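> my questions concern the predicted model and sequence given below.
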Amino acid sequence: MTEESDRGLRVVASKRRLAIGAELFKPANPQASLFGDDGAWMIVFINVSELTGEDFSNAIRYSEPSVVIDLRLAPRFDIGSFNRERAFELFRVVKTTYVDTTAKLMNGESREVAIERMITHIPRNETSSRRTVVFLLGRNDNSSIASRAEILSFLAQSEKQLDVINIPELPVGCEAPLMPDGGHKLRSVG
């Protein structure tokens, strides 16, 4: 929420802290199995511009992703006192791979080729898909190489059931369509 003044200045409300803890990343429907089926594949969408540095750090730390795929056209990590150096140290600590999908796009690669290249970084085998995959998004669909809906429609082609977490939650009426129902779960925080 913002307030305009007579001089063109405005007061911008600070970002509110979110309750991001380890419990958020526990499976929505944990199912023990004798055959090693570890349940749903956790997919986390993070709208970085809406978080504090601490919330971003907690989301990565607690989700322990196998890969962080940055879809933002301007992949920056300066969030309050948080910065790029701290972000990459965090990725190192949680043993995640960071993928900047837009670097080659800025050098003339087409959006379609960049999306195809990004898809190659999504874990496909059972071992690597047991860990969370995080997608970093911009403020809106125009500030990311692909939208949440495009990513979800691609992931729906997988045989895996999806457990999707949005951080922060999407405004009412803006929920990304989940694919044809295969028992997929959609959760949000904030």
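In hand now; what should we look at? Numbers count the residues shown, from 1 in each chain.
> if F82 is in a bridge, with which residues?
Taking DSSP bridges as the rule, F82 bridges to I79.
> how many neighbours does it have?
By the criterion of other CB atoms under 10 Å, F82 has 19 neighbours. All C-beta spots, glycine's among them, are computed from the backbone N, C-alpha and C.
> pull out the buried positions in stretch 131-139.
R131, T132, V133, V134, F135, L136, L137, G138 (16 or more other CB atoms under 10 Å).
> doesn't the fifth one belong to a helix?
Which is F135. No: applying DSSP: H, G, I helix; E, B strand; the rest coil, one finds F135 to be strand, outside a helix.
> now do the strands in the protein.
For the chain, the strands defined by DSSP state E occupy 2-4, 10-12, 41-47, 67-70, 97-100, 133-137, 162-167, 185-188.
> least confident pick among the buried residues of stretch 131-139?
Lowest pLDDT within the buried residues of stretch 131-139 is found at R131 (80).
> tell me the contacts of it?
Counting by CB atoms under 8 Å, 6 or more residues apart in numbering, R131 touches E64, P65, S66, P123.
> against V94, how distant is the closest residue in space to the third one that isn't next to it in sequence?
Distance criterion CB to CB, 6 or more residues apart in numbering; nearest residue to S66, sequence neighbours excluded, is R131 at 3.6 Å. Counting by CB to CB, to the nearest Å, the gap from R131 to V94 is 10 Å.
> correct me if wrong: I60 contacts V93.
No: contact criterion CB atoms under 8 Å: I60 and V93 do not qualify, at 9.1 Å.
> those two: who's more crowded?
Remark: of I60 and V93, I60 carries more neighbours, 24 against 11, as counted by other CB under 10 Å.
> OK, contacts around that one?
With CB under 8 Å, 6+ apart, I60 has these contacts: V68, L90, F91, V94, T96, V134.
> and of these, the nearest to E54?
L90 (11.4 Å; CB to CB).
> and that closest one, what is it in contact with?
Counting by CB under 8 Å, 6+ apart, the residues that L90 touches are S57, I60, R61.
> can you pull the contacts of I119?
Listed by CB under 8 Å, 6+ apart, the contact set of I119 reads F154.
> ok, back up a step: please convert the buried residues of stretch 131-139 to CSV, extending it with distance to S147.
Below are the buried residues of stretch 131-139 laid out as CSV (distance: CB to CB, whole Å):
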residue, distance to S147
R131, 24
T132, 20
V133, 16
V134, 16
F135, 10
L136, 13
L137, 8
G138, 10
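> is it true that I115 touches I145?
Yes: in this structure, I115 is within contact of I145 by CB under 8 Å, at 6.5 Å.
> which residue packs closest to L71, ignoring adjacent ones?
Distances taken as CB to CB, 6+ apart place S144 nearest to L71, at 4.2 Å, with adjacent residues excluded.
> I meant to write I46 there.
I167 (4.9 Å).
> with E64 instead?
V94 is the one closest to E64 (CB to CB, 6+ apart), at 5.3 Å.
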